[in-house]
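Chemist: I'll drop the sequence and a predicted model, then ask my questions.
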Amino acid sequence: KQEVTQIPAALSVPEGENLVLNCSFTDSAIYNLQWFRQDPGKGLTSLLLIQSSQREQTSGRLNASLDKSSGRSTLYIAASQPGDSATYLCAGYNFNKFYFGSGTKLNVKP
Amino acid sequence: DAMVIQNPRYQVTQFGKPVTLSCSQTLNHNVMYWYQQKSSQAPKLLFHYYDKDFNNEADTPDNFQSRRPNTSFCFLDIRSPGLGDAAMYLCATSRVGILNTEAFFGQGTRLTVV
């Protein structure tokens, strides 16, 4: 069964700092990798989707990479802002299912 | 806008009293999922429907059931809620069978058991 781990579990940084969130999975047979944002008490908002044939995706200040051979994905956030404070989850997709990590809770201090 | 809608956003139920959570979608996706998420934990897949085919996870308690009467709607039934069932319940959809399969989530239903 696919296991997804996210490190660190929590992160607090000053505004303006660049940061990297990590996601690792045990089964490299994932097809796609998706990053989500979750605000307290809310559902999941999709940030980036990396398809199996791709190695990275960019959206604004966000860049996500995928290395299937090592079972790792990273989410890079440039010039962090207080509005980026949320929990970030990654999910690997295969066999019609999405497998989630428990997330990294990010706090960006003004 | 096409979306996934969950109702209600907040549900309070009594211990042992059956409760139903609702999910609808306008995306016309062929797969609908129900996840349970407890505080600071990963969303846990309970089951999913691929079209009309129901797929239960091995560790989903029998207390949890689901119905998908048509493409647009999916329901989660908890037959006898216990205190341990208090959680956020997330509905998601995806179009499986294409290269860029991705999940779309609703806003969730926060279930409280008293």
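Modeler: Noted; the coordinates are in hand.
Chemist: Can you tell me the SS state at the residue positioned nearest the centre of chain B?
Modeler: When chain B is reduced to its mean C-alpha position, the nearest residue by CA atoms, centre = their mean turns out to be residue B:34, at 2.8 Å. Of the three states, residue B:34 takes strand according to DSSP: H, G, I helix; E, B strand; the rest coil.
Chemist: Against chain A, how distant is it?
Modeler: With distances taken as CB to the nearest CB, to the nearest Å, residue B:34 is found 12 Å from chain A. For the C-beta atoms, the positions are set from N, CA and C on the backbone; glycine is no exception.
Chemist: Kindly report the same for residue B:113.
Modeler: Looking at residue B:113 against chain A, where the rule is CB to the nearest CB, the gap reads 17 Å.
Chemist: and the gap between the residue of chain B positioned farthest from its centre and chain A?
Modeler: Of all residues in chain B, residue B:99 has its C-alpha farthest from the mean position, at 24.2 Å, by CA atoms, centre = their mean. With distances defined as CB to the nearest CB, the gap from residue B:99 to chain A amounts to 6 Å.
Chemist: That residue and residue A:49 touch, don't they?
Modeler: No - the pair residue B:99 / residue A:49 is not scored as a contact, 10.3 Å apart, by CB atoms under 8 Å.
Chemist: Tally up the residues packed near residue A:20, please.
Modeler: Applying other CB atoms under 10 Å in any protein chain shown, we find 12 other residues in the vicinity of residue A:20.
Chemist: same check, this time on the one 4 residues further on
Modeler: Residue crowding around residue A:24 was assessed by other CB under 10 Å; the count is 18.
Chemist: picking that back up, can you pull up the bridge partners for the residue nearest to the centre of chain B?
Modeler: Partner residues in beta bridges with residue B:34, using DSSP bridges, are residue B:47, residue B:91.
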